[in-house]
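Visitor: Next input, structure requested:
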Amino acid sequence: MQLSIILTSNYRLLSLAAIADVFETANRLLNEDGKPDFFNITFVGSATAKELPDGLNHIAYAPIERGSFYDMIFVPAFGPVDMAKTLEENSCLFPWLHAQYHQGAVLASNCTGAFLLAASGLLNDKRATTHVDAADKLAAYFPKVKLEQDAVVTHDANIYTSGGATSGFHLMLALIQKCCGRELAVRIAKIFSIDMDRENQAHFSHFAPMEAHDDELVMRVQHKIKNQFPEIRSIEEAIADIPASRRNFVRRFKQATGLTPIRYLQKTKIEAAKKLLENTEKGLLEIMLSAGYNDMKNFRQLFKENTGMTPKAYRDKFAMRFEPLI
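Guide: Residues are numbered from 1 along each chain as shown. Now for the predicted structure:
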């Protein structure tokens, strides 16, 4: 199988290295069983020549202009970047991706690499996922994508996407199982210490409000929610002094932040509860009240909707219990 990994502008080195490492490991295990390499790995990019990172320069590089056909193409995650600018810098890849896909290539993206496929139009009307913290931005930028923000891996019409960071391993395992069988996929999962039963990435989310905009009224409400969320019971309370109709303000708020005001308030409250579960030994009732809720059933339901876990399960998974270092 001709497998290419795109050297995009502003790729995340960890993602790039992980893709190469997993598929090289698959080849090594096959060799140990007396079988030939299954994956012929090549880096591809828009430059005529490319200097590869240390430790990866043994892998061949080919410019996309060469016109080679690949059976499978991986888009690595992007680093912490200006996404609009980065997509513009990588737009020269769009025609090549379309040509490869229409010739039958499997396309796969790790984490925020989904933004490149979405920007190319190849994810229009298709199921996709990305890093859970980037999901709202993907939905706002590309509303034609059928976003499944809690999904670990999606597959739709020969295009695969994965969630954040280590979710990319689940995508690669799925493709290795498809190509080479489950036994090899399980062996690789053990080598890389990957839990194969992950089905949801919601509990990895971290709410980081989008504040890089110029709408002063929206910013005013954001600051009010940030500072007074335990006391705010409804959006009407948050926007009571805003000189705009509710309908108009909701539209402006979503345009600026990617979220409705109700969803924004809810995420703020749940994020506060998560931090208390992670870092304190406070009881659930006290945490619920600190987050601004007064109904335990409603709080548990909203917490699970946002994280995929009950508050107790979340604390069991993420509470700080490290032994002190001597």
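
Visitor: distance between stretch 96-110 and the chain's centre?
Guide: 20 Å (C-alpha atoms, centre = their mean, to the nearest Å).

Visitor: Could I get the average pLDDT for that stretch?
Guide: On average, the pLDDT along stretch 96-110 is 97.

Visitor: Just give the number of residues close to residue 49.
Guide: Neighbours of residue 49 under the rule other C-beta atoms under 10 Å: 7. Using the backbone N, CA and C atoms, a C-beta is placed for each residue, glycine as well.

Visitor: Could you look up the SS state of the residue nearest to it when sequence neighbours are not counted?
Guide: Nearest residue to residue 49 in three dimensions, chain neighbours excluded: residue 61, at 7.1 Å (C-beta to C-beta, 6 or more residues apart in numbering). Recorded secondary structure, residue 61: strand (DSSP: H, G, I helix; E, B strand; the rest coil).

Visitor: pLDDT wise, what is residue 61 at?
Guide: pLDDT, residue 61: 94.

Visitor: how far is stretch 34-41 from where the chain is centred?
Guide: 30 Å.

Visitor: how about the strands in the stretch 101-250 of the chain?
Guide: 106-109, 127-128, 146-147, 153-156, 159-162 (DSSP state E, counting those that start in this stretch).

Visitor: that older thread, so what's the residue nearest to residue 49 up against?
Guide: Residue 61 makes contact with 7, 42, 43, 44, 45, 49, 50, 52 under the criterion C-beta atoms under 8 Å, 6 or more residues apart in numbering.

Visitor: pLDDT check: weakest of the residues you listed?
Guide: residue 49 (78).

Visitor: Switch the contacts of residue 61 over to CSV; also include secondary structure and distance to residue 110.
Guide: Output for the contacts of residue 61, formatted as CSV (DSSP: H, G, I helix; E, B strand; the rest coil; distance: C-beta to C-beta, whole Å):
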residue, secondary structure, distance to residue 110
7, coil, 14
42, strand, 17
43, strand, 15
44, strand, 15
45, strand, 16
49, coil, 24
50, coil, 19
52, coil, 18
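
Visitor: Which two among those residues are spaced furthest apart?
Guide: Farthest pair in these (C-beta to C-beta) is 42 and 49. Separation: 13.7 Å.

Visitor: Sheet partners, orientation included, of the host helix or strand of residue 3?
Guide: Using DSSP states H and E, residue 3 maps to strand 2-6. In the sheet, strand 2-6 lines up against strand 40-45 (parallel), strand 72-75 (parallel) (DSSP bridges).

Visitor: who wins for proximity to residue 289 among these?
Guide: Nearest to residue 289, of the strands paired with strand 2-6 and by C-beta to C-beta, is strand 72-75 at 44.6 Å.

Visitor: Next secondary structure element downstream of that closest one?
Guide: According to DSSP H and E, the helix or strand after strand 72-75 is helix 83-89.

Visitor: Residues in contact with that following helix: which ones?
Guide: With C-beta under 8 Å, 6+ apart as the test, helix 83-89 has contacts from 8, 9, 10, 78, 112, 115, 116, 119, 137, 141.

Visitor: and the strands of the stretch 101-250 of the chain, which is most packed in?
Guide: strand 159-162 (a mean of 27; mean count of other C-beta atoms under 10 Å).

Visitor: List the strands paired with it, with their directions.
Guide: Strand 159-162 is paired, per DSSP bridges, with strand 106-109 (parallel), strand 153-156 (antiparallel).
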